[in-house]
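**Q** Need coordinates for the following:
(chains A, B, C and D)
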2 protein chains.
Amino acid sequence: MEKEKIDKKDHILDVAERVFAELGYDGASTRMISGEAGVNMAMLNYYFGSKEGVFLAIFDRRITTFQTVLLSIGNDESMNSWEKLDKYLDSYIDKVVTNNCFHIMLNREISKSKKNELTDQITDIIMKNVKVFQDIIAEGIKKGDFNKDADQQLLVATIFGTKNYIVNTPHISSKVLGYDVLDADVQNNLLKPRFKAYMKTLLKAYLQN
Amino acid sequence: MEKEKIDKKDHILDVAERVFAELGYDGASTRMISGEAGVNMAMLNYYFGSKEGVFLAIFDRRITTFQTVLLSIGNDESMNSWEKLDKYLDSYIDKVVTNNCFHIMLNREISKSKKNELTDQITDIIMKNVKVFQDIIAEGIKKGDFNKDADQQLLVATIFGTKNYIVNTPHISSKVLGYDVLDADVQNNLLKPRFKAYMKTLLKAYLQN
DNA sequence: TTAAATTAATCAATCGCTTGATTAATTTTG
DNA sequence: CAAAATTAATCAAGCGATTGATTAATTTAA
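**A** As a prediction, the model looks like this:
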């Protein structure tokens, strides 16, 4: 059954994504992943070729749709810079908070300072998301909507860095924020709206003329 | 000779710190570390007991002095809130940019969402640094120096997150900023002053009444 | 029946760590 | 001081366990 095959592969990727986030790529073994997914070890290689194949499959599954959404916001001519900024933050924060396992996994890989094919590949894709944001800011400054003295580049570090802090180090951020950032209800009812509002206020304070 | 013994242990920790940052705790093998340090494998266990012992030794070496410096700033009664903020940022940014290997290593460990003794231990120590910053902000708000509507907790995420973004993902941040953030000259002459100035401007914009 | 899916068994390689032995340095003793 | 005794430092070799991956046999499904 074609349907079930896909579902089973998807199930394996769900589990692998979580285990990679919990223990890191090297810390997670293929036996552990297959065990928790309830499938035979050899199925990982049968489906995905190798451990790295599993990792890349997780990556492919998450990245494509996400990127087109962000790009469409950046290219939408009907919005001014402030509106684009709002839309971008809404979409971005929704996605990364919900798919936190994936983003934890992803960020840990690129934090390895020794380069390899994998990190290069990930870097390229991440840079596309960054580019959309940078273009929105640059356009806003050029149009005079934003303060021209703003440091566009470090602003990138602030928005993505703030996000990473909350998502990637949940033990820390949960203590700081006062609730469990890994809880789905908390994420949707408390964290997301608060984070969005904060981000917009912060950017407004810094970018306003 | 007592002196040389200490130097050799220190040398091993220097190498281990770098290798851990490059490949992660699990990705780095004890053979690799001892090989690059030019010592026999058994020396790691002889000196530090275990692989984890090496990690903790790196940790101890970096954390102690750093923490007392930050604490002394927080407790200094002669400065107002804005001055404390400035001082804190200066000290903090200097340290984390210079010791980037250590902070990459540290952050990767606590980004593992599955808890263990090690992550708990690290979390506690990190929270002390965070607490100093939080107290400065809280005091400033209480005194009326800072905007009382500010989200103190998410501000923590912003300052430490921005730092992490620059330091922990050097391949990304180097592309964004336009120069190599791992180069020592770049760090001292370009990155540090720029980062400090930006951070202060950003906080001023957000915290000002 | 035949191709696809799944399994248990097994592979070589590498992991962290320990061992027993050896050398170098230090302390104790006569 | 010098010989003896003790401690510290270093090494090659190898331990059992685990890693990612592969094989060959078996089951399932079309």
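**Q** after the helix or strand where residue A:58 lies comes which helix or strand?
**A** Applying DSSP states H and E as the criterion places residue A:58 in helix A:51-75. Of the helices and strands lying after helix A:51-75 in sequence (DSSP H and E), the nearest is helix A:81-98.
**Q** for that following helix, packing partners?
**A** On a contact count with 3 or more CB pairs under 8 Å, 6 or more residues apart in numbering or on different chains; DSSP states H and E, helix A:81-98 meets helix A:51-75, helix A:117-143, helix A:152-168, helix A:192-207. Bear in mind the C-beta positions are built from the backbone N, C-alpha and C, glycine included.
**Q** what residues does it touch?
**A** A:66, A:69-70, A:73-74, A:76, A:79, A:103, A:129, A:132-133, A:136-137, A:139-140, A:143, A:145-146, A:159, A:163, A:166-167, A:181, A:187, A:191-192, A:195-196, A:199-200, A:203 (CB atoms under 8 Å, 6 or more residues apart in numbering or on different chains).
**Q** could you flag which of those residues are buried?
**A** Neighbour counting with 16 or more other CB atoms under 10 Å in any protein chain shown marks A:66, A:69-70, A:73-74, A:103, A:129, A:132-133, A:136-137, A:140, A:145-146, A:159, A:163, A:166-167, A:181, A:187, A:191-192, A:195-196, A:199, A:203 as buried within the contacts of helix A:81-98.
**Q** wait, doesn't residue A:18 sit right on residue A:101?
**A** Yes. Between residue A:18 and residue A:101 there is a contact at 5.1 Å, judged by CB atoms under 8 Å.
**Q** mind listing what's buried in stretch A:8-23?
**A** For stretch A:8-23, by 16+ other CB under 10 Å, it's A:8-9, A:12-13, A:15-23.
**Q** That stretch and chain B in contact?
**A** Yes. Counting by CB under 8 Å from any CB of the partner chain, contacts between stretch A:8-23 and chain B involve A:21-23.
**Q** Is DNA strand C within reach of that stretch?
**A** Yes. Counting by CB under 7 Å from any atom of the strand, DNA strand C has neighbours in stretch A:8-23: residue A:8.
**Q** where's that stretch relative to the chain centroid, distance-wise?
**A** 16 Å (CA atoms, centre = their mean, to the nearest Å).
**Q** what sits up against it?
**A** A:28, A:32-34, A:36-37, A:39, A:43-44, A:47-48, A:54-55, A:57-58, A:61, A:100-102, A:104-105, B:26, B:112-114.
**Q** Let's have the residues of stretch A:8-23 next to chain B in a markdown table, adding secondary structure.
**A** Conversion of the residues of stretch A:8-23 next to chain B to a markdown table gives the following (DSSP: H, G, I helix; E, B strand; the rest coil):
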| residue | secondary structure |
| --- | --- |
| A:21 | helix |
| A:22 | helix |
| A:23 | helix |
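**Q** Could you point out which of these is nearest to residue B:173?
**A** Closest to residue B:173 out of those is residue A:21 (22.2 Å), distances taken as CB to CB.
**Q** returning to that earlier point: considering only the contacts of stretch A:8-23, which also neighbour DNA strand C?
**A** For DNA strand C, the contacts drawn from these by CB under 7 Å from any atom of the strand are A:39, A:43.
**Q** Following the lowest-mean-pLDDT helix or strand in chain A in sequence, what is the next regular element?
**A** Lowest on mean pLDDT, DSSP states H and E among the helices and strands of chain A sits helix A:2-23, with a mean of 81. Helices and strands here follow DSSP H and E; after helix A:2-23, the next one along the chain is helix A:30-37.
**Q** Need the contact partners of that next one.
**A** Helix A:30-37 is contacted from outside by A:11-12, A:15-16, A:19, A:23, A:40-41, A:43-45, A:51, A:54, using CB under 8 Å, 6+ apart.
**Q** do that again at 7 Å, thanks
**A** A:11-12, A:15-16, A:19, A:40-41, A:43-44, A:51 (CB atoms under 7 Å, 6 or more residues apart in numbering or on different chains).
**Q** Right, I'll call it a day here.
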